[in-house]
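[1] predicted structure and sequence below. I'll ask about it afterward.
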Amino acid sequence: MEGAIFPSRPTFPVQPTKPHRPETCLRFHSATLPLPPHSPSPPSLAIDSLLQHLLSLPTSPSSTLKVKPIKTRTSTSARFPSPVVPLHDDCHRVNDDDGSLEFLSPKCKFMLNCILEQPLSGLISFFESARFDLLGVDLFPLLKRLDLSGNWRKAILLFEWVVVLNYESEKEKVVVDSEVIELIARILGRESEHAVAHKLFGLIPLEDYSLDVRACTTIIHAYSRVGQYERAITLFEAMKEKGMSPTLVTYNVMLDVYGKKGRSWDRIAGLLDEMATQGLEFDEFTCSTVISAYGRDGLLDEATKFFTRVKSNGFVPGTVTYNSLLQVFGKAGVYSEAVGILKEMEENNCPPDSVTYNELVGAYIRAGFLEEGAAVISKMIDKGVMPNAVTYTTVIDAYGKAGKEDEALALFNGMKASGCVPSVATYNSILAMLGRKSRSDEMIEILSEMRSNGCSPNRVTWNSMLAMCGNKEGMKISYVNRVLREMSRRGFDPDRETFNTLITVYGRCGSRLDPAKMFEEMINAGFSPSVATYNSLLNALARRGDCPAAESVLRDMKNKGFKPNESSYSSMLQCYAKSGHVTGIRLIEKEIYEGRIFPSWMLLRNLVLMNFKCRELPGMERAFEMLVSNGYKPDLVLFNSMLSIYARNKVYDRAHEILDMIRDHGLQPDLITYNSLMDMYAMTGDCWKAEETLRGVLRAGGKVKPPDLISYNTVIKGFCRQGLMQEAIKILSEMTTRGIRPCIFTYNTFVAGYAAQGMFSEVEEVISYMMQHGCKPNELTYKIIVDGFSRLKRFDEALDFVSRIKEIDHSFDAGSLHRLTYRIRNNIT
């Protein structure tokens, strides 16, 4: 087989044939063996350095507008954080040569020019010093003129100061009328300052004002963008109670509110009926919003039925609607439906855009077709549609999650070479990928690149930094708390996604803080849980193998109207596998096979892997067969798992079939593949074939990662099982020369090999050598030795050895000694 390291297939079983023995007899002694290398330090995240570089990045304009939360009315003066001066500060004096200030009073003109002369960083101090003058100024024309002159940030800061002054002071008040609020709502909506709008309007009793529909719609949209769905709903209901008629835009915004809130299909249906009653025709945004809401809850059939129904009523879908439907199937990994939607678009002369192709890329990737997804980039260019940052980021993120960091970085460099500027989302994906591998130096390089490009971190960047803190077991919670503090100082208060991340992080860190308590804190903070929130909680419980708690969360999720998705059930499979609860896996498997749970690529992949963890070969084969029959593409992890379980079950023909399938699918066997082959050869007694495989990996150079500890341990095990101890020591010598330190498994393998031949003086040499080099024997080591004596009926020597263990290892506890003695006496009887 061309390109294969081992083209020929051996016949099993093959008995070992001994080559000429080495002239020098190797023993466990420093004189004949190279010294084991020092234990390498595991890679770790340089949190302090990373935070320092993150804090040095430019602050985005949106984060310069801050409102300090107000809890009491006892303060006599407003306290504002000092805003950061933006990259461009349009400070200039306005003259009246063109008559543009005629509508301003002389006092207002004077105050306008004073404000324009102040730098943004000094405005709060100026407002405090000019408090008396500002109390008598007509606020609306002043704010309007500031906005018209391009100084909208100064207008917002002035409004902030007024709002907090009115909130805190019972005596000093600046008149704020409906006209002012409408103006500020328009400015904040235009500039997408949703977080600022949410905070400011939270301090104003909006029910006391008669706002127009446009202002109310803008504020509702702001509430929706920050996850405050109940406040958005309350304002919408107040609008209707005042006799206001919502516009099509208002209804579309509310459909989005209920869609994001979840569990609101009766409300969505009610809004659609209202729109029809008022004669409002559905537009692209109406249909795409409803379809996206179905997709968010995993209701694929319902999304398709809605799409079919509106078409039958005369609606002609455009690119936006098709893209929403394509996203629904793309997120579920149903790439065949996604391709069908693209075909329908082309047949209806509806031109695909970059969003269309981006969703198609995502659909391929979620179905396991990573390379096919990457190939869409070339197809886009051929069609005259240039890939954008979203396209590249989707593929880069997929490469990173598949462990293909080099491919991700190569595409990242290719993206920049093509002239496509990376977005903050692109940088976030790269940082998350490198963080998972603790590649701190490269992360710092990326942060430096962000700084030189003027790319400001966003909330996702900070949430990703939090997630990195939970990537390693035992990561200190103090790091998590520090990132949270710095995040808040930069104006990014925790949102629902932050809480979701924290639930996951606490689960990974093994923290004593129950993730369920973080779930409660999120609800107390005013955020409604989403499917993603429940999935974070299920993921945390799966890591502990807490099946009763996970099942309780799943029930609660369903009872509250949420539809579990592929991530939910994947976490349940992981939980059952962690606790060895095979029955639980079978129950989910049954629902998948009977069509009650959609068989996505992700879910079937996890079903294969969790059966593998439980050593359930029939379950693995069923899941693997269904994955392939559904048109999904197995990845190398799946093939390696199948190869490993066939090898362990001595189903050698099927193991070699899997090896052929790896190559047939265009994949390159990796070190894990070859380690499984070595293990298979070692278990069949063909230790020479195992060594030949090891040599083949070494000859492969950069095509395969060099042999690791598992590789060498496997070959050593093969020789020791055949009693070829000199050959095993040769492999050990080579291993240590290559900088790989033996572990307890390595030494126990040698102990077992010598004990099986009654070579107990050599056994003691192994124990002496391993203790000299910092590896203490464990209870299993001594069990192997006493069992070796017992098999030879040398019980007295076994008891004598146990009596001398304390001389060898002073830290060995009395309980273990008692168990060993009992084991010997039990063998005697």
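    Looks like it came in fine.

[2] nearest spatial neighbour of Ile805, chain-adjacent residues omitted?
    Closest residue in space to Ile805, ignoring its immediate chain neighbours: Phe812 at 5.4 Å, by CB to CB, 6 or more residues apart in numbering. C-beta here means a position set from N, CA and C on the backbone, and glycine is covered the same way.

[3] what number of residues lie near the one you found?
    Counted with other CB atoms under 10 Å, the neighbours of Phe812 add up to 19.

[4] now it: which helix or strand?
    Assigned by DSSP states H and E, Phe812 belongs to neither a helix nor a strand.

[5] was I right about it contacting Lys806?
    Yes. The criterion here is CB atoms under 8 Å, and Phe812 meets it with Lys806 at 6.2 Å.

[6] for this protein, which helix is longest?
    If you go by DSSP state H, the chain has its longest helix at helix 152-168.

[7] centre of the chain to the helix or strand following that helix, how far?
    Counting by DSSP H and E, the next helix or strand C-terminal to helix 152-168 is helix 178-190. Put simply, helix 178-190 sits 37 Å off its chain's centre (CA atoms, centre = their mean, to the nearest Å).

[8] with stretch 719-727 instead?
    45 Å.

[9] on that earlier part again, need the contact list for the residue nearest to Ile805.
    Neighbour list for Phe812: Tyr782, Ile805, Lys806 [criterion: CB atoms under 8 Å, 6 or more residues apart in numbering].

[10] now Ser641
    Val608, Leu609, Phe612, Met620.

[11] got those as JSON lines, with neighbour count columns?
    As requested, these are exported to JSON lines (neighbours: other CB atoms under 10 Å):
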{"residue": "Val608", "neighbour count": "24"}
{"residue": "Leu609", "neighbour count": "19"}
{"residue": "Phe612", "neighbour count": "22"}
{"residue": "Met620", "neighbour count": "23"}
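
[12] can I get those in JSON lines with distance to Val651 and pLDDT?
    Below are these laid out as JSON lines (distance: CB to CB, whole Å; pLDDT from 0 to 100):
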{"residue": "Val608", "distance to Val651": "16", "pLDDT": "95"}
{"residue": "Leu609", "distance to Val651": "18", "pLDDT": "95"}
{"residue": "Phe612", "distance to Val651": "14", "pLDDT": "93"}
{"residue": "Met620", "distance to Val651": "11", "pLDDT": "93"}
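
[13] quick check: the farthest pair among these?
    Of all pairs drawn from the contacts of Ser641, the one with the longest distance (CB to CB) is Leu609 and Met620, at 8.5 Å.

[14] ok, Leu54 - how many residues close by?
    By other CB under 10 Å, neighbour count at Leu54 equals 22.

[15] over to Gln52?
    12.

[16] about what we covered before: what helices or strands is the longest helix of the chain leaning on?
    helix 106-117, helix 123-129, helix 139-148, helix 178-190, helix 194-201 (3 or more CB pairs under 8 Å, 6 or more residues apart in numbering; DSSP states H and E).

[17] for the last one, name the packing helices and strands.
    So that's helix 194-201. helix 152-168, helix 178-190, helix 213-225.

[18] what angle separates the longest one from helix 139-148?
    With axes from the mean of the first three to the mean of the last three CA atoms, to 10 degrees defining the directions, helix 152-168 sits at 150 degrees from helix 139-148.

[19] helix 152-168 to helix 194-201, inter-axis angle?
    30 degrees.

[20] circling back to that earlier point, give me the buried positions along the longest helix of the chain.
    152-166, 168 (16 or more other CB atoms under 10 Å).

[21] any idea how far stretch 568-588 is from the chain center?
    For stretch 568-588, the distance to the chain centre is 21 Å (CA atoms, centre = their mean).

[22] check which helices and strands the helix or strand containing Tyr322 sits against.
    Taking DSSP H and E as the criterion, Tyr322 maps to helix 319-332. In terms of contacts (3+ CB pairs under 8 Å, 6+ apart), helix 319-332 is packed against helix 284-296, helix 300-312, helix 335-347, helix 354-366.

[23] show me the two of the buried residues of helix 152-168 that sit farthest apart.
    Going by CB to CB, the pair spanning those furthest: Trp152 and Glu168, at 24.6 Å.

[24] burial check on the closest residue to Glu407 other than its chain neighbours, number of neighbours?
    In space, and not counting its chain neighbours, Glu407 is closest to Tyr399: 4.7 Å by CB to CB, 6+ apart. Tyr399: 24 surrounding residues under other CB under 10 Å.

[25] by contact count, what packs against the host helix or strand of Tyr399?
    Assessed by DSSP H and E, Tyr399 sits inside helix 389-401. Packing partners of helix 389-401 (3+ CB pairs under 8 Å, 6+ apart): helix 354-366, helix 370-382, helix 405-417, helix 424-436.

[26] export only the CA atoms of it, formatted as PDB.
    Below are the C-alpha coordinates for helix 389-401, written out as PDB (Å, rounded to 0.1, in the frame of the first residue of the first chain):
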ATOM      1  CA  ALA A 389     -13.500  36.700   8.500                       C
ATOM      2  CA  VAL A 390     -16.400  34.600   9.500                       C
ATOM      3  CA  THR A 391     -15.600  32.000   6.800                       C
ATOM      4  CA  TYR A 392     -12.000  31.700   7.900                       C
ATOM      5  CA  THR A 393     -12.800  31.800  11.600                       C
ATOM      6  CA  THR A 394     -15.300  28.900  11.200                       C
ATOM      7  CA  VAL A 395     -12.700  26.600   9.600                       C
ATOM      8  CA  ILE A 396      -9.900  27.800  12.000                       C
ATOM      9  CA  ASP A 397     -12.100  27.100  15.000                       C
ATOM     10  CA  ALA A 398     -12.900  23.600  13.600                       C
ATOM     11  CA  TYR A 399      -9.300  22.800  13.000                       C
ATOM     12  CA  GLY A 400      -8.500  23.900  16.500                       C
ATOM     13  CA  LYS A 401     -11.200  21.700  18.100                       C
END
